[in-house]
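A.B. asks: Okay, here's the prediction I keep looking at, along with the sequence it came from:
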Amino acid sequence: MEANTHHQLVIIGGGPAGFAAALYGARADLKPVIFSGMLLYGQASQTDVIENYPGFPDGIQGVELGKLFEQQAVRFGAIVEYDQVLSLNLQVRPFQIQTYSGSLSADSVILAMGADPKKLHIPGEEEFTGRGVSYCGTCDGFFTRNKDIHVIGGGDTALEEAIFLTRFAHSVTVIHRRDELRAGAILEKRARANPKISFLWNTVVDEIRGDEKVRSLMVRDVKTGEKREIPTGAVFVFVGHSPNTSLIEGQIALDEQGYVKVDAKMSTNIPGVFAAGEIADPHYRQVVTSAGMGAAAAISATYYLENLE
């Protein structure tokens, strides 16, 4: 893509929402440009097997599904830029976008930057990230071979990753601050039936300790206050996500949780700017819902562009 070009539709983010928007925008002959960002195919690419996306009864790897999204969007004319947006000015018309490669403008923008894993913000977490602390089982599971490890969290992602990690680890202990899980019934049933998985209930981690790598966790029982140190070979943190809104800070209205506010048509508070996927979804955070939001955003953008003077 040449610098200082103008486009009808620019999509920021290369996950399921972004590529679904690119597909629908391309089929509307908008020749959309999609910026993939640093994580191609988004959080879905970090998932080993996606079993709940319609049309794949045997499941599909997250990366493979992302590739199919991309191929389909490109087939209809979407332009994929493996580049990152550095700044975005939504206060002027046309909207101004700056990337590593140059600058461009757009009549309409779809925000699909997704969300990043939340951190625990405890001593040792940052220090040992990459040295035993991880937020991606698919990325780092191989390094847990034959180790006794811990997973922090009680939702779908935590159990999906815990089950995946049993391929490598000797044992996986799920640490959860409550005495019941938030995960879906099928995942919970699978996890409880897995002989390698056990649970540490009503417990939080206060500190991660080690030397050149993680060696132990300081945990606390939230009911009794009892503290103790437990050995671990690695710890995987899955306690939710934070929407990636730094690009639009002060420009787009956010809800109390920091997610982009959208209406039923995926419109934000700025006409011509739409949002889709996990950046605007504090509830579902599924590949299928993100893709649906992306499609809706592109349809809305198409109608918006048709009515521009």
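C.D. replies: Arrived safely. Numbering: from 1, shown residues only.

A.B. asks: what's the single longest helix in this protein?
C.D. replies: Longest helix in the chain, counting residues (DSSP state H): helix 287-306.

A.B. asks: What are the buried residues along that helix?
C.D. replies: For helix 287-306, burial by neighbour count (16 or more other Cβ atoms under 10 Å) applies to 287, 289-302, 304-305. Just so you know, the C-beta spots here come from the backbone N, C-alpha and C atoms, and that holds for glycine as well.

A.B. asks: centre of the chain versus it, how much separation?
C.D. replies: 18 Å (Cα atoms, centre = their mean, to the nearest Å).

A.B. asks: just checking, what packs against that helix?
C.D. replies: strand 5-12, helix 16-27, strand 103-111, strand 273-275 (3 or more Cβ pairs under 8 Å, 6 or more residues apart in numbering; DSSP states H and E).

A.B. asks: go again using 6 Å as the cut-off
C.D. replies: Secondary-structure packing of helix 287-306 (3 or more Cβ pairs under 6 Å, 6 or more residues apart in numbering; DSSP states H and E): helix 16-27, strand 103-111, strand 273-275.

A.B. asks: So which of the ones you listed is nearest residue 195?
C.D. replies: Closest to residue 195 of the helices and strands packed on helix 287-306 is helix 16-27 (Cβ to Cβ; 33.5 Å).

A.B. asks: Moving C-terminal from that closest one, which element do we reach first?
C.D. replies: Note on helix 16-27: by DSSP states H and E, the next helix or strand toward the C-terminus is strand 33-35.

A.B. asks: and for that next one, what are the contacting residues?
C.D. replies: 7, 10-12, 18, 22, 78-81, 83, 85 (Cβ atoms under 6 Å, 6 or more residues apart in numbering).

A.B. asks: now those residues in CSV, with distance to residue 51 and neighbour count?
C.D. replies: Compiled in CSV, these are given as follows (distance: Cβ to Cβ, whole Å; neighbours: other Cβ atoms under 10 Å):
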residue, distance to residue 51, neighbour count
7, 36, 21
10, 33, 29
11, 27, 35
12, 29, 28
18, 22, 36
22, 25, 31
78, 27, 25
79, 32, 17
80, 27, 20
81, 31, 19
83, 32, 17
85, 32, 20
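
A.B. asks: Taking those, tell me the two that lie furthest apart.
C.D. replies: Maximum pairwise distance among these (Cβ to Cβ): 16.3 Å, between 78 and 85.

A.B. asks: wouldn't residue 161 be in contact with residue 136 here?
C.D. replies: No. Counting by Cβ atoms under 6 Å, residue 161 stays clear of residue 136, with 8.0 Å between them.

A.B. asks: Please say which of these two ends up with more neighbours.
C.D. replies: Each of residue 161 and residue 136 has its neighbours counted (other Cβ atoms under 10 Å); residue 161 has more, 25 against 16.

A.B. asks: gap between the more buried one and residue 154?
C.D. replies: 12 Å (Cβ to Cβ, to the nearest Å).

A.B. asks: Then residue 291?
C.D. replies: From residue 291 to residue 154 the distance is 26 Å (Cβ to Cβ).

A.B. asks: Show me where this structure has its helices.
C.D. replies: With helices called from DSSP H, the chain shows them at 16-27, 62-75, 137-140, 156-165, 185-193, 287-306.

A.B. asks: now the ones you listed in CSV, with distance to residue 111 and mean pLDDT?
C.D. replies: Formatted as CSV, these follow (distance: least, Cβ to Cβ, whole Å; pLDDT from 0 to 100):
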stretch, distance to residue 111, mean pLDDT
helix 16-27, 9, 98
helix 62-75, 17, 96
helix 137-140, 26, 82
helix 156-165, 22, 94
helix 185-193, 30, 96
helix 287-306, 8, 97
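
A.B. asks: These: which one's closest to residue 126?
C.D. replies: Minimum separation from residue 126 across those (Cβ to Cβ) falls at helix 137-140, 16.2 Å.

A.B. asks: Against residue 112, how distant is the closest residue to residue 39 other than its chain neighbours?
C.D. replies: Leaving aside its sequence neighbours, residue 39 sits nearest to residue 45 (Cβ to Cβ, 6 or more residues apart in numbering; 6.6 Å). In this view, residue 45 and residue 112 are 14 Å apart by Cβ to Cβ.
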